[in-house]
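K.L.:
A structural model of the following input is requested.
(chains A and B)
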Amino acid sequence: MTLLVALVLRGGVLLAALVTVAGGIPLLLVHGRESPNYHSFRGTEAPYRSLGAILQGVAHGEPLAIITLGIVILIATPISRVLLTLVNFLVERDRMYTVLTSVVLLILLYSLLAGSTL
Amino acid sequence: MTLVIGLGAFVAGLLGSLTGLGGGIVIVPLLTLIFGVDLRYAVGTSLIAIIATSSGAAAAYVKEGFTNIRVGMLLEVGTVSGALVGAFIAKFISGNTIAILFAVTVLFNAMQSLRAPAEHRSESSSPLAQRLRLASSYPTREGLVSYQVRGVGPGFAVMLLAGMLSALLGIGAGVMKVIAMDRAMGLPFKVSTTTSNFMIGVTGAASAGVYLQRGYIDPALTFPVVIGVLGGAWLGSRVFHYASTKTLKLLFVGSVSALALEMLYRGLTGSFQ
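P.N.:
Residues are numbered from 1 along each chain as shown, chains lettered A, B, ... in the order given. Sure, this is the predicted structure:
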């Protein structure tokens, strides 16, 4: 079990890093010379904020979408760990901690999938 | 500019991993004070970097058997709830207020981290801790040493606050979590630190999801920061044995405090949006 958790954690970070670099390198090649403006906050103008938009952008090979996918994989990594822990408590028939872990998981999934409603 | 940001993040990751104090508290001031990045982008990016480093470190700790999963899960209910509250109120708090809050929190945490950890291995347990079956044991050279847990209420309360601050400020709040577990709950120090690390990534993910959808997380900015931090953390784990942790810690705490004071000044004089 601990081996699986370690694998998932390390694998998640590695995969996320690879995907991020896969998007980052074309970004540098195309926009490397520009100095992007981070002074002003443009929040809702950002194109890739929902999973649907991200996946569509990746399908079109957009570097920013690919990087954002890497970010999503990274966010999903601790969530996966919580899921594994939930399964562990289920197998151990630990009702109390199955419930507690489910609460944590639900909050995490809410944040990732419906966080814009907050 | 991307490469310079990546380099800065690399140093942050390196120092964070060598001192065990985390890179989050360096990244936000680095981005806002030196690169003029809007505070919201800085906080969002920092949270992603924290998820990356804490997950990587947790992968190493989980095999050692110090983490108390039940304590971690119980307290996580607190931290992720706090994180959602923090993400919610982040919409209504001005950048200047966040900067001031950041400075105060970091200065407080920095001072606390310099205090020697009181090995508060608890011999007594509270009825609530017993009901929740939090007591456990950890491995030492002489075999498994068992410990009891207490102070669940105060510990949980601190976790709510830590989660809120993590979401608002883009930090891991690890020091706060360790203090709560070490002093209020009586966990052995190594259990506190590994369990805290277990929680940091999860807490970060709770607010990061919201921030991603609000557009606080800019991919072009996050790319060099995450890759830089991971690179620095990796190097840190390699050279760990050659480093004098005490000197580094003082250096780190000193520079972070200086950055925090600068943020305090700028926050008070209204330089942030």
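
K.L.:
where in the chain is pLDDT low?
P.N.:
Chain wasn't specified; assuming chain A. Filtered on pLDDT under 70, chain A yields the residue ranges A:32-35, A:44.

K.L.:
you answered for a different chain; I wanted chain B.
P.N.:
For chain B, the stretches flagged by pLDDT under 70 are B:116-122, B:273.

K.L.:
pick out the residue closest to the middle of it.
P.N.:
For chain B, the residue nearest the mean C-alpha position is B:Gly172 (2.0 Å; Cα atoms, centre = their mean).

K.L.:
please apply the same query to chain A.
P.N.:
Short answer for chain A (Cα atoms, centre = their mean): A:Val72, at 2.0 Å.

K.L.:
surely that residue touches A:Ser50?
P.N.:
No. Contact criterion Cβ atoms under 8 Å: A:Val72 and A:Ser50 do not qualify, at 10.4 Å. Just so you know, the C-beta spots here come from the backbone N, C-alpha and C atoms, and that holds for glycine as well.

K.L.:
how many neighbours does the residue nearest to B:Ser126 when sequence neighbours are not counted have?
P.N.:
Nearest residue to B:Ser126, sequence neighbours excluded (Cβ to Cβ, 6 or more residues apart in numbering or on different chains): B:Arg150, at 4.2 Å. Neighbour count of B:Arg150, defined by other Cβ atoms under 10 Å in any protein chain shown: 23.

K.L.:
about what we covered before: mind giving me the packing neighbours of the helix or strand containing the residue nearest to the centre of chain A?
P.N.:
Using DSSP states H and E, A:Val72 sits within helix A:63-91. Here helix A:63-91 touches helix A:2-31, helix A:51-59, helix A:95-114, helix B:39-61, helix B:69-89, helix B:189-214, helix B:219-239, going by 3 or more Cβ pairs under 8 Å, 6 or more residues apart in numbering or on different chains; DSSP states H and E.

K.L.:
from chain A, how far off is B:Phe240?
P.N.:
To chain A, B:Phe240 is 17 Å away according to Cβ to the nearest Cβ, to the nearest Å.

K.L.:
got a list of what that residue touches?
P.N.:
B:Ser17, B:Leu18 (Cβ atoms under 8 Å, 6 or more residues apart in numbering or on different chains).

K.L.:
tell me the SS of the residue of chain A most remote from its centre?
P.N.:
Distance from the C-alpha centroid of chain A, by Cα atoms, centre = their mean, peaks at A:Arg93 (29.5 Å). When classified by DSSP: H, G, I helix; E, B strand; the rest coil, A:Arg93 comes out as coil.

K.L.:
check the gap between it and chain B for me.
P.N.:
Taking Cβ to the nearest Cβ, one finds A:Arg93 at 13 Å from chain B.

K.L.:
before we move on, the earlier item: next up, phi/psi of the residue nearest to the centre of chain B, please.
P.N.:
When read as degrees, to the nearest 10, the backbone of B:Gly172 gives phi -90, psi -20.

K.L.:
what residues does the stretch 151-273 of chain B put near chain A?
P.N.:
Within the stretch 151-273 of chain B, the positions lying close to chain A (Cβ under 8 Å from any Cβ of the partner chain) are B:201-202, B:204-224, B:226-227, B:230, B:273.

K.L.:
and with 6 Å instead?
P.N.:
Neighbours of chain A within the stretch 151-273 of chain B, by Cβ under 6 Å from any Cβ of the partner chain: B:201-202, B:205-206, B:208-210, B:213-215, B:219-223, B:230.

K.L.:
what residue in the stretch 51-200 of chain B comes nearest to chain A?
P.N.:
Per Cβ to the nearest Cβ, B:Ala59 is where the stretch 51-200 of chain B lies closest to chain A, at 4.0 Å.

K.L.:
need the contact list for that residue.
P.N.:
B:Ala59 makes contacts with A:Ala6, A:Leu9, A:Arg10, as judged by Cβ atoms under 6 Å, 6 or more residues apart in numbering or on different chains.

K.L.:
just say helix, strand or coil for B:Ser146.
P.N.:
The three-state label given to B:Ser146 by three-state DSSP is strand.

K.L.:
number of residues surrounding it?
P.N.:
The local packing of B:Ser146 (other Cβ under 10 Å) involves 11 other residues.

K.L.:
what's the closest non-adjacent residue to B:Gln148?
P.N.:
B:Ser125 (3.7 Å).

K.L.:
ok, now which ones touch the one you found?
P.N.:
By Cβ under 6 Å, 6+ apart, the contact list for B:Ser125 reads B:Ala135, B:Gln148, B:Val149, B:Arg150.

K.L.:
can you check B:Leu107 too?
P.N.:
B:Ser257, B:Ala260.

K.L.:
that one belongs to a strand?
P.N.:
No. Membership of B:Leu107 in a strand is not supported by three-state DSSP, which gives helix.

K.L.:
count the neighbours of residue 62 for me.
P.N.:
Chain wasn't specified; assuming chain A. Using other Cβ under 10 Å as the criterion, A:Glu62 is surrounded by 19 other residues.

K.L.:
that's the other chain; I wanted chain B
P.N.:
B:Val62: 25 neighbours (other Cβ under 10 Å).
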